[in-house]
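In: Could you work out the structure for the sequence below:
(one chain, ligands or ions: 1)
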Amino acid sequence: MAQNKDSVAYLGPKASYTHQAALDRFPETEHELVPQTTIEDVFASVQSGQVKQGVVPFENSSNGSVVFTLDLFADPTGKYPDILVCGEIYLLVHHCLLGHAANSSFSDKSTSNGTATDGEGTTSPAKPLYDLSSVKKLYSHPQAWGQCNIFLSKYLKGIERLDVSSTSKAAEVVAQDTTGASAAISSRVAGDLNGLEVLGENIEDKAGNSTRFFVLRRKDDQTFVAADGEANENETRYKTLVSFTVAHGETGALADCLAVFKKYPDHFIHTSNAKPC
Ligand SMILES: O=C(O)C(=O)C[C@]1(C(=O)O)C=C[C@@H](O)C=C1
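Out: Next up, the predicted model:
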């Protein structure tokens, strides 16, 4: 495990969307990017100080919250008391269906690109680039299924779906099966890295499909604490993530908590003025 002070953990392996988001913010020329097997491993490596920061997926424009990450923020067993969100990264997510196409024939490529959108930004389903009749198993991260419903229900209805820890893990698994029976929903980058064919491209339901990632750090990390102090002196405004639990037995408990925003409007600024930290 990297001890470098500029090390950044991410949900791996290489070529995951989380890796791509991490590279956007933390170029490898200045940071050591450290792949982790699960989102929880990213939390654990930041909490333990093994890495300086971590990148985790948080929510998707078409499929909503990443529940694994939300559960870790809720932290019911108190494992991650020092984790703080200190940044956000948005990534446009274009999914591909990846596999070994050696035994399949080409479908008509001239009609293969389904990227037209309707008025609501919904993408009509992309058409497969290859005959998919040999595909018997699909691998991906659970978040990806819900982003590709139209393509999956039209061309791969009833095919067994197997959850794996990330989309790039799915590409790795599928690369091992050269029979053509397995396919992954993952990125083109992961396909290239694992020697897989693109059997379908832009298979996400909605144009503009994007995922928001959070950057994590320890709240007592002195290098950031000093920078925060300096920023506050300059009246820099930050977005804030607040996590809390309400008394579930009390009617209106959540409304009571939220009422504080109405009661003290001067303490809160409109987010358009806030700097993504
Ligand atoms: O980073 C990856 O590749 C993942 O598998 C995670 C994840 C997520 O949990 O949202 C990241 C981006 C996409 O929305 C789909 C999956």
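
In: Going by C-alpha atoms from here, please, whenever you check contacts or count neighbours.
Out: Noted.

In: Tell me which residues are up against stretch 93-100.
Out: Counting contacts by C-alpha atoms under 8 Å, 6 or more residues apart in numbering, the residues outside stretch 93-100 that touch it are 17, 148, 171, 174-175, 177-180, 182-188, 191, 196-204, 208-211.

In: Could you list the low-pLDDT ranges of this protein?
Out: Along the chain, the model assigns pLDDT under 70 to residues 1-5, 102-125, 225-237, 269-277.

In: If we use 90, what do you get?
Out: 1-6, 76, 101-126, 221-248, 250, 260-262, 264-277 (pLDDT under 90).

In: ok, now which ones touch Ile89?
Out: Counting by C-alpha under 8 Å, 6+ apart, Ile89 has contacts 21, 25, 212-215.

In: Most proximal residue of the stretch 51-200 of the chain with respect to the ligand?
Out: The ligand sits closest to Ser166 of the stretch 51-200 of the chain, with a gap of 3.2 Å, by C-alpha to the nearest ligand atom.

In: Name the nearest residue to that residue, ignoring sequence neighbours.
Out: Nearest non-adjacent residue to Ser166, counting by C-alpha to C-alpha, 6 or more residues apart in numbering: His141, 4.7 Å away.

In: Close to the ligand: what parts of the stretch 51-200 of the chain are there?
Out: Proximity of the stretch 51-200 of the chain to the ligand (C-alpha under 6 Å from any ligand atom) is limited to residues 57, 60, 66, 141, 143-144, 166-168.

In: The residue of the stretch 51-200 of the chain closest to the ligand contacts Tyr10, correct?
Out: No: with contact defined as C-alpha atoms under 8 Å, Ser166 does not reach Tyr10; the gap is 10.9 Å.

In: between those two, which one's more packed in?
Out: Tyr10 (31 against 27; other C-alpha atoms under 10 Å).

In: Just to be sure, that one is in a helix?
Out: No: with DSSP: H, G, I helix; E, B strand; the rest coil as the criterion, Tyr10 is strand rather than part of a helix.

In: Cys96 versus Asn209, what's the distance?
Out: Noted for Asn209: a distance of 13 Å to Cys96, by C-alpha to C-alpha, to the nearest Å.

In: These two: which is more packed in?
Out: Shown here are Asn209 and Cys96; by other C-alpha under 10 Å, Cys96 has more neighbours (26 against 21).

In: Check the secondary structure at Gly54 for me.
Out: Secondary structure state of Gly54, per three-state DSSP, is strand.

In: repeat for Ser168
Out: Applying three-state DSSP: Ser168 is helix.

In: which residues touch it?
Out: Taking C-alpha under 8 Å, 6+ apart, we find Ser168 in contact with 12-17, 186-187, 190.

In: In terms of helices and strands, where is Ser243?
Out: Ser243 is part of no helix or strand, with elements assigned from DSSP states H and E.

In: For it, which residues are in contact?
Out: 73-74.

In: Could you pick out the buried ones from the contacts of stretch 93-100?
Out: 17, 148, 171, 174-175, 180, 182-188, 191, 196-204, 208-211 (16 or more other C-alpha atoms under 10 Å).

In: Buried residues in stretch 43-56, which are they?
Out: Residues of stretch 43-56 classed as buried by neighbour count (16+ other C-alpha under 10 Å): 43-47, 50-56.
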